[in-house]
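Enquirer: model the following, please.
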Amino acid sequence: MQAPYDTEATADVFAKAKNTFNWLIGHLTDAQTGTLAHNRLEETITEQGRELQRLLLQAHLDLRALRELEQVRHARHQDVGAAGVIGADGVPRRRVELGHHRLLATVTGTVTVTRCAWRAPGVGNVYPADAALSLPAVRHSAGLAKLAVIETVRGSFDAALAAITTRCGQVIGKRQIEQLVAQAAADVDAFYAARTVLPCTASTVLAISVDGKGIAMRPEALRPATAKAAARARATFRTRLAAGEKPARKRMATLGVVYDAEPAPRRPHDVIAVPGGRSGRRLSRARPNATRKWLCGSVITGPGPVIAKVFDHAEARDPAHARPWVVLVDG
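Expert: Residues are numbered from 1 along each chain as shown. Model prediction:
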């Protein structure tokens, strides 16, 4: 068994965070700092502030590790917990090892999680602290995964990596962003399948919208017609396409949404700008608000199955067709 680390009552796990905070205050109150421009001050506070947040998170995790160790020692002293910890497989682990570490990349930086491992012959370790923290199987935290999805849907993976690195530092790579986004996308259907749609009144509008989105694909993933067009296309050095010319490298994905909306009558000047500008006497009315949204989409099948799935869900919401339906299409 490894030697336990220091658990003295005087041990201050927040010492590094306090020192960083005090240094930052001292730096901001220094006479030389008083001559810096605001952009330099922003950079200093952003960088040191992120490090301070990382140290605070690390200190809290270290405090949890100390408390877990004290609980193990107390159980041994009282001779309780002889059954140890029972894993999901039903096998009890009676042997405990201290000082097991794993890294966790977060939006504030990478921290180390120290915890106790409960072991038994022939089975994997069980870490109660991992379950208490709800740690992911991979290194990257749920907050970092959420940020990766938010930044990826705005543009490319390269742009998402640049945005995350600017905000969080070097905590993730491009391949890891791709994996996190793929994992998040796999939960979309299950998420909407688990939601229960509340009933609405007969005046509530049932809105349906279907649209297409071109997605750049690898050559082997193109549909047959697009692949033939790509094979016929000749490589050129032009930077812009001619009118009506297609690059023959995209595949159309069909996206569908069903949602409810309360009627919101609006006047012409609520939608179109009034000549001469608006006055305080004619305030614009609120626009309709989409609620209880349900989404689906596919880049594998054509538009037909997605549209059928959208109308099936709409029929389930309003089987008697007692509500007004609004269908929005493009093209």
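
Enquirer: now stretch 170-187, how far from the chain's geometric center?
Expert: 9 Å (Cα atoms, centre = their mean, to the nearest Å).

Enquirer: where in the protein is pLDDT low?
Expert: 1-11, 78-83, 233-248, 277-282, 331 (pLDDT under 70).

Enquirer: strands of that one, start to end?
Expert: 85-86, 92-93, 95-106, 109-119, 205-216, 250-261, 290-298, 325-329 (DSSP state E).

Enquirer: looking at those strands, which is closest to residue 173?
Expert: strand 95-106 (10.1 Å; Cβ to Cβ). The C-beta positions use only the backbone N, C-alpha and C, and glycine is treated the same way.

Enquirer: contacting residues around the closest one?
Expert: Strand 95-106 is contacted by residues 1-2, 4-5, 54, 57, 69, 72, 84, 110-120, 125, 127, 130, 135, 139-141, 143-144, 168, 171-172 when judged by Cβ atoms under 8 Å, 6 or more residues apart in numbering.

Enquirer: sorry, back to before: let's have the strands of the chain in TSV, adding mean neighbour count and distance to residue 17.
Expert: Compiled in TSV, the strands of the chain are given as follows (neighbours: other Cβ atoms under 10 Å; distance: least, Cβ to Cβ, whole Å):
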stretch	mean neighbour count	distance to residue 17
strand 85-86	17	31
strand 92-93	17	34
strand 95-106	16	15
strand 109-119	19	12
strand 205-216	16	45
strand 250-261	19	45
strand 290-298	16	41
strand 325-329	11	52
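
Enquirer: adding distance to residue 148, write the ones you listed out as JSON lines.
Expert: JSON lines is the format used below for the strands of the chain (distance: least, Cβ to Cβ, whole Å):
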{"stretch": "strand 85-86", "distance to residue 148": "33"}
{"stretch": "strand 92-93", "distance to residue 148": "34"}
{"stretch": "strand 95-106", "distance to residue 148": "11"}
{"stretch": "strand 109-119", "distance to residue 148": "15"}
{"stretch": "strand 205-216", "distance to residue 148": "18"}
{"stretch": "strand 250-261", "distance to residue 148": "20"}
{"stretch": "strand 290-298", "distance to residue 148": "20"}
{"stretch": "strand 325-329", "distance to residue 148": "30"}
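
Enquirer: of those, which is nearest residue 149?
Expert: strand 290-298 (14.3 Å).

Enquirer: show me what contacts residue 189?
Expert: Residue 189 neighbours (Cβ under 8 Å, 6+ apart): residue 296.

Enquirer: next one: residue 27
Expert: Going by Cβ under 8 Å, 6+ apart, residue 27 touches 33, 44, 48.

Enquirer: and those residues, which is closest to residue 267?
Expert: Distances from residue 267 to those, taken by Cβ to Cβ, are shortest for residue 44, at 51.3 Å.

Enquirer: nearest residue to residue 297 other than its sequence neighbours?
Expert: residue 255 (4.1 Å; Cβ to Cβ, 6 or more residues apart in numbering).

Enquirer: residue 208 is in contact with the one you found, correct?
Expert: No. The criterion here is Cβ atoms under 8 Å, and residue 255 misses it with residue 208 at 11.8 Å.

Enquirer: all helices for the protein, in order.
Expert: Under the criterion DSSP state H, the chain contains helices at 15-29, 38-78, 128-133, 142-152, 157-168, 174-185, 188-193, 224-232, 268-271, 303-317.

Enquirer: please identify the deepest-packed of these.
Expert: helix 142-152 (a mean of 18; mean count of other Cβ atoms under 10 Å).

Enquirer: and that one with helix 157-168, angle?
Expert: 130 degrees (axes from the mean of the first three to the mean of the last three Cα atoms, to 10 degrees).
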